[in-house]
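Peer 1: Quick one, structure for this:
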Amino acid sequence: MKNTVFRQSRVASFRFKLGLVFFSFSAEALIAGFYIAVTRSITPILLIASGYRLEDILLINGFAGLFSLVIGLALYKYGSRRISKLKLLTVHVLERTMWFTIPFMVGNKVLLTLVYGLAVASTLPTSIYMQSTILSSFDNIEYRRIVSVRTALASFSSILGHVFVVLTLATLSGQGKYLGLYETAFGIGILSSIIVALTPKNVFKNSATMVRNGGLEAEVKATNTFILLVAILSSYMLLNMAWTPRIMYDLKAPDYIAASIGFAQTVAAIGSSFFWANRNSRTYRYALIMLASMPLLVYTTLEPKFHIALALTYGFSIVGVNLYAARMYSGLVGEIGVFRAGLLLASTNSFALTLASIVGYSVSASPSMVFTASAILGIAGLTIALTGFPEFAIIPKNYVQLYSKIMYQTGVSSYNLAVCAVSESAKASLRIVGLSFTLILLFIIYRTLYYIAVITGG
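Peer 2: Numbers count the residues shown, from 1 in each chain. Now for the predicted structure:
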């Protein structure tokens, strides 16, 4: 009898702690959604209002993406897999601080590129540690539930953030309104960091034992899902980078209309997160089709207000893709480990941002080509899904298996080449920086000796 009561007490205690963790992560998403909505939506508008062109924005984002890739690679190869509250809290606060400094750097393109790159790169370790912590705290079904709840709550607070941005831009004038938006976002963002600080310590497990290489089938699935997401998200990011300049420069719409694009996407995300959460896998291909068709629809729509309706559809479809990714990687945790699953899920944005920026910058002389490139990336992702994934496939199963293995082998080869290139580039950059500091130091020493000689009459 005592043993039964003891077991029931332990079960009740475990459920209470799990419920507390669920509440903590849900509250963090609710508060962080406002900060993310304001900083991410206002930054491109601030840059355009400050005279930056599309090619400038693409170049800045390209550097940020490459910086994120280097950070992600370093975390995976050399970083500790141990998840701690201090580690997550540090990167959580650092990310918010870096985004807050952006408006102070707008006058200098070099400093802005560096700070913006640090801001974007800092989101990667935050996402990795957050994803790994959540993956290790919940089973597959509960993980999908917490992802759906976090998405809905973040979308709700994002709506408040976007409304705040639109009203501020529509009612105030001058550059000061942008700084006020960043200050408010920073204050709200720090509140979400306080939620992380109050989360129970036992949630942050040691994931070193949760890093492993899976079997061939799991590796193929994880790699191909990563490739699919990079293709789709690069199309999404390239369109979002080109959308604001299209609205403000080409269609001559005011900045609050441009801000309404992000607002509309967020509104769509609230209901769609619950719509997509319990759908079967085949339903997600409709999200892929909508994403692939959107770039050309955006470019050919000449009435700015109609773009808000397009943004609603776009927001609905991107949530479907993100929830599909969460479902895939949560199912692979047992095979590839928590840290790898969290890293792959979080780093897709960095790869996608880099690819989108490079492709977009190479054709930035022609805005129509930028939208065409976004459409091609979306169609490439859709093609990958329809030929390499059984749940989406429109070809016989034996061909799906063949194409998926070819895609996996190609992806692994490309990864090895990319790692080699990034490593060599990083080494070369460090050598150049070291040489530059040495030359500057020698110059300072030389000038100091020269002035000493002049003063002493030598």
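
Peer 1: residue ranges with poor pLDDT in the stretch 101-250 of the chain?
Peer 2: 139-140, 202-216 (pLDDT under 70).

Peer 1: Only C-alpha atoms, please: export the helix or strand containing Val196 in CSV.
Peer 2: Using DSSP states H and E, Val196 sits in helix 176-198. Output of helix 176-198 as CSV, limited to C-alpha atoms (Å, rounded to 0.1, in the frame of the first residue of the first chain):
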residue,chain,number,x,y,z
GLY,A,176,13.1,58.4,-33.7
LYS,A,177,10.1,56.2,-34.2
TYR,A,178,12.4,53.3,-35.2
LEU,A,179,14.5,53.6,-32.2
GLY,A,180,11.4,53.7,-30.0
LEU,A,181,10.3,50.4,-31.5
TYR,A,182,13.7,48.7,-30.9
GLU,A,183,13.7,50.0,-27.3
THR,A,184,10.2,48.6,-26.6
ALA,A,185,11.1,45.2,-28.2
PHE,A,186,14.3,44.9,-26.2
GLY,A,187,12.4,45.5,-22.9
ILE,A,188,9.8,42.9,-23.8
GLY,A,189,12.5,40.5,-25.0
ILE,A,190,14.3,40.6,-21.7
LEU,A,191,11.1,39.5,-20.0
SER,A,192,11.2,36.3,-22.0
SER,A,193,14.8,35.8,-20.8
ILE,A,194,13.5,36.1,-17.2
ILE,A,195,11.1,33.3,-17.9
VAL,A,196,14.0,31.1,-19.0
ALA,A,197,15.8,32.1,-15.8
LEU,A,198,12.8,30.9,-13.8
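
Peer 1: In terms of secondary structure, what does the helix or strand that comes right after that helix contact?
Peer 2: Counting by DSSP H and E, the next helix or strand C-terminal to helix 176-198 is helix 216-245. Where contact means 3 or more Cβ pairs under 8 Å, 6 or more residues apart in numbering; DSSP states H and E, helix 216-245 is packed against helix 2-49, helix 54-77, helix 255-277, helix 284-300, helix 306-336, helix 338-362, helix 367-388, helix 397-456. From N, CA and C alone the C-beta is placed, and that goes for glycine too.

Peer 1: Go again with 6 Å.
Peer 2: helix 306-336, helix 338-362, helix 367-388, helix 397-456 (3 or more Cβ pairs under 6 Å, 6 or more residues apart in numbering; DSSP states H and E).

Peer 1: between the shortest one and helix 306-336, how many degrees?
Peer 2: To tie it back to what came earlier, the one meant is helix 367-388. 40 degrees (axes from the mean of the first three to the mean of the last three Cα atoms, to 10 degrees).

Peer 1: How far off centre is helix 367-388?
Peer 2: 19 Å (Cα atoms, centre = their mean, to the nearest Å).

Peer 1: cool, and stretch 285-303?
Peer 2: 21 Å.

Peer 1: Check which residues of that stretch are buried.
Peer 2: If you call a residue buried by 16 or more other Cβ atoms under 10 Å, then stretch 285-303 has these buried ones: 285, 287-299.

Peer 1: Likewise for stretch 94-108?
Peer 2: Neighbour-count burial for stretch 94-108 [16+ other Cβ under 10 Å]: 94-103, 106.

Peer 1: Mind checking which of those residues are in strands?
Peer 2: Using DSSP state E, no member of the buried residues of stretch 94-108 falls within strands.

Peer 1: and which of those residues is nearest to Ser173?
Peer 2: Pro103 (16.0 Å; Cβ to Cβ).

Peer 1: That closest one against Tyr182, yeah?
Peer 2: Yes: Pro103 lies in contact with Tyr182 (Cβ atoms under 6 Å); the separation is 5.1 Å.

Peer 1: Give me the spatial nearest neighbour of the most centrally placed residue in the chain, chain neighbours excluded.
Peer 2: Nearest to the centroid of the C-alpha atoms of the chain, with distances taken as Cα atoms, centre = their mean, sits Asn349, at 4.2 Å. In space, and not counting its chain neighbours, Asn349 is closest to Leu233: 6.3 Å by Cβ to Cβ, 6 or more residues apart in numbering.

Peer 1: Verify the stated contact: that neighbour with Ser350.
Peer 2: No: counting by Cβ under 6 Å, Leu233 sits too far from Ser350 to count as a contact (9.9 Å).
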